[in-house]
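Chemist: Quick one: sequence and predicted model below, then my questions.
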Amino acid sequence: MESKNQNTTLYSTDGQSIEVEDDDPNLLNTSLSDYHDYEPRLEFDDSELIASTTLDSIPPELLDMSDDFSRLSAIGSIEENFEKELAVDALSELDSSSHAFETSGLNRSGAIEVVGDDVIGRRIIVISACQLPPNNNVNPDEFLRYLMYTLDKYVEQDYSVVYFHYGLPENRNPPLSWMWKAYRTLDRKYKKNLKALYLVHPTNLIRIVWQVLRPAISVKFGRKMMYVNYLHELREHLDLDKICIPEEVLKHDKFILSKNPKAARIASLMLQKSVDSVEQGEASASMPPTQQFGVSLQFIKKNNTDMQDNIPPIVRQCIEFLSQPDALETEGIFRRSANVAVVKELQRSCNRGERISFRNDPHIAAVLLKMFLREMKEPLMTFEHYEEITKFQQWPKADKLRNVKVMVFENLPIENYELLKYLMKFLWKVQDRSCLNKMTTSNLAVVFGPNLCRPATGHISLQAIAPINAFVDFLLEHQESIFFF
């Protein structure tokens, strides 16, 4: 056999010998597909994947609160990307029967309410501890399943949670192991679009538990949680007039303010500022003719004689921008919020009659469109039809299409009908690209339902949301038969 020099290497593929020079530059770029039986040894630095195996500064008395909590010591820091893998089996045990939840004591108690959108279109979920049913009627796991059942309708879009802790009896405090179980069960889909979690009137126990769990909780999730010691602090973030605050919570807030004069003065100043703002708004009731937000469609039509097909200029501008392919195919369109300051400034510019620019951001146009519908003096479906729509799911299936046609075509004012038709035609285009933007008819119904239909007084109850969304979903699914027959 002919000898080979030290710089020559033999490789074998399919029984054939191949000789190459070690210093051959082509060898460096050799594909594994060429030498498929060559198995390289891959090495990597896994030091960043190794989490700490202990949680520091955990008081022994808290560790004694639950045998299960000792499992935390072997878990370490958890990032949101891995939470799905670590979630407990409670997800598989979730009761998907809507009827079971809708007839449960939790649903009737008002412990969990959905109170519409905040100023930039994010849904607000309110949890009131004082409204929970007696302990013998509900257990923590049932509450967790009901919470997930409620959140499932909204987690695909940006939302906020307000938790009123006052009123939870000491004997109702869930064990620490259950809190950890709840955090792990509420996996990434529930946490991703949560923009803020307000803990109102937190006790020392809540603060201690948070400090204990903090080392093992995602940093991203931790930034979303905010302590709110007094209701006037919550006013800085949300419109309290749109939130259903239990009477017990209002009384408790007054009581703790009476023990803190400095906080009471700040609360008084903020309340006075809010009252002054309302009075100024009433004093300027004679709105400029260019006003489009917060007025009736009849007002806009009267002051825009060149308005085409009864479509308000801002609505047409938003929809024409969003109908562009790049905007129409934006993933999560109508689910995401936009910069509050930018949206408010564009709203003011629009009310002054100025042409506005969406800054090539589809989310800004989407938020403005929802804001216009939400702030209309009367909702698009009018107050008159609210009660009827909340019974939509009880209508006989054979009569639904005919009844909806009568309601929309015969009973709505012409301005409302034309705008609703224009909107549904556009939303059909949106759902037609759902493979890209992820917005199906049911997703769009969840987003637009509360913006198209609301009561004349108060807020939409949790029980009313399902039929309202079903009604809007029906409008979308049958829009050709309803509007283009």
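Modeler: It's in. Numbering: from 1, shown residues only.
Chemist: Where do the helices of the stretch 151-300 of the chain begin and end?
Modeler: Applying DSSP state H, counting those that start in this stretch to the stretch 151-300 of the chain gives helices spanning 176-185, 188-192, 204-213, 219-224, 231-234, 247-258, 261-283, 297-303.
Chemist: tell me how far the last one is from the chain's mean position?
Modeler: Per CA atoms, centre = their mean, to the nearest Å, the displacement of helix 297-303 from the mean C-alpha position of its chain is 33 Å.
Chemist: And for the second one?
Modeler: On the basis of CA atoms, centre = their mean, helix 188-192 is displaced by 10 Å from the centre of the chain it belongs to.
Chemist: what about it, average pLDDT?
Modeler: Helix 188-192 comes out with an average pLDDT of 82.
Chemist: now stretch 167-187, how far from the chain's geometric center?
Modeler: Using CA atoms, centre = their mean, the offset of stretch 167-187 from its chain centre is 22 Å.
Chemist: first vs last residue of that stretch, how far apart are they?
Modeler: End-to-end distance for stretch 167-187, by CA to CA, to the nearest Å: 28 Å.
Chemist: mind listing what's buried in that stretch?
Modeler: Using 16 or more other CB atoms under 10 Å as the test for burial, stretch 167-187 gives 167-168, 173-174, 176-187. Where you see a C-beta, it was placed from the backbone N, CA and C, and this is true even at glycine.
Chemist: In a markdown table, list the helices of the stretch 151-300 of the chain along with distance to Thr457.
Modeler: Below are these laid out as a markdown table (distance: least, CB to CB, whole Å):
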| stretch | distance to Thr457 |
| --- | --- |
| helix 176-185 | 35 |
| helix 188-192 | 32 |
| helix 204-213 | 34 |
| helix 219-224 | 32 |
| helix 231-234 | 22 |
| helix 247-258 | 18 |
| helix 261-283 | 17 |
| helix 297-303 | 21 |
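Chemist: which stretch in the ones you listed is the model least sure about?
Modeler: Among the helices of the stretch 151-300 of the chain, helix 261-283 carries the lowest mean pLDDT (a mean of 71).
Chemist: can you give me the strands in the stretch 101-250 of the chain?
Modeler: Under the criterion DSSP state E, counting those that start in this stretch, strands of the stretch 101-250 of the chain are mapped to 112-117, 123-128, 159-164, 194-200, 225-228.
Chemist: ok, residues contacting the fourth one?
Modeler: Meaning strand 194-200. 122, 155, 158-166, 206, 221, 224-228, 231, 234, 237-238, 249, 337 (CB atoms under 8 Å, 6 or more residues apart in numbering).
Chemist: Just flag the most distant two among the buried residues of stretch 167-187.
Modeler: Farthest pair in those (CB to CB) is Gly167 and Asp187. Separation: 28.7 Å.
Chemist: and the closest residue to Phe293 other than its chain neighbours, what pLDDT?
Modeler: Closest residue in space to Phe293, ignoring its immediate chain neighbours: Glu375 at 5.1 Å, by CB to CB, 6 or more residues apart in numbering. Confidence at Glu375, expressed as pLDDT, is 91.
Chemist: got it, and the one 4 residues further on?
Modeler: pLDDT recorded at Pro379 is 94.
Chemist: One more: Ser31?
Modeler: 43.
Chemist: tally of neighbours for Lys425?
Modeler: 14 (other CB atoms under 10 Å).
Chemist: quick one: it and Ala327, what's the gap?
Modeler: Note on Lys425: its distance to Ala327, by CB to CB, to the nearest Å, is 16 Å.
Chemist: Same question for Pro396.
Modeler: 40 Å.
Chemist: Those two: who's more crowded?
Modeler: More crowded of Pro396 and Ala327, by other CB under 10 Å: Ala327, with 20 against 7.
Chemist: so which strand or helix has the more buried one?
Modeler: Using DSSP states H and E, Ala327 sits within helix 325-328.
Chemist: which residues are in contact with that helix?
Modeler: Contacts of helix 325-328 (CB under 8 Å, 6+ apart): 321-322, 333, 362, 365, 429-430, 433, 437.
Chemist: list the contacts for Met439?
Modeler: 332-335, 430-431, 433, 447.
Chemist: Using the record's domain definitions, break this protein down for me.
Modeler: 1-43, 60-278, 297-483 (automatic domain parsing).
Chemist: hmm, back to that, now do the phi/psi pair for the residue nearest to Phe293.
Modeler: Main-chain torsions, Glu375, degrees, to the nearest 10: phi -100, psi 0.
Chemist: Let the chain start at 30 from now.
Modeler: Okay, using 30 as the starting number, the last item reads as Glu404.
Chemist: tally of neighbours for it?
Modeler: Glu404 has 14 neighbouring residues, counting by other CB under 10 Å.
Chemist: same deal with Ile329?
Modeler: Ile329, neighbours per other CB under 10 Å, totals 25.
Chemist: before we move on, what about the one 4 residues further on?
Modeler: The number of residues packed near Asn333 is 17, by other CB under 10 Å.
Chemist: how much space between the nearest residue to it once chain neighbours are set aside and Val396?
Modeler: The shortest distance from Asn333 to any non-neighbouring residue, by CB to CB, 6+ apart, is to Pro342 (6.3 Å). Pro342 sits at a distance of 17 Å from Val396 (criterion: CB to CB).
Chemist: worst-scoring helix or strand of the chain, pLDDT-wise?
Modeler: Lowest on mean pLDDT, DSSP states H and E among the helices and strands of the chain sits helix 112-115, with a mean of 40.
Chemist: which residues sit in contact with the residue nearest to Asn333?
Modeler: 321, 329, 333, 336.
Chemist: which one in those residues is the model shakiest on?
Modeler: Among these, Met336 has the weakest pLDDT, 84.
Chemist: Number of residues surrounding that one?
Modeler: 16.
Chemist: Three-state assignment for it, please.
Modeler: At Met336 the chain is in coil, as set by DSSP: H, G, I helix; E, B strand; the rest coil.
Chemist: ok now do it, which residues does it touch?
Modeler: 329-330, 342.
Chemist: got the buried residues for stretch 430-447?
Modeler: So for stretch 430-447, counting by 16+ other CB under 10 Å, buried means 433, 436-437, 441, 444-447.
Chemist: and the two most separated of those residues?
Modeler: So, those by CB to CB: farthest apart are Val433 and Glu444, at 18.8 Å.
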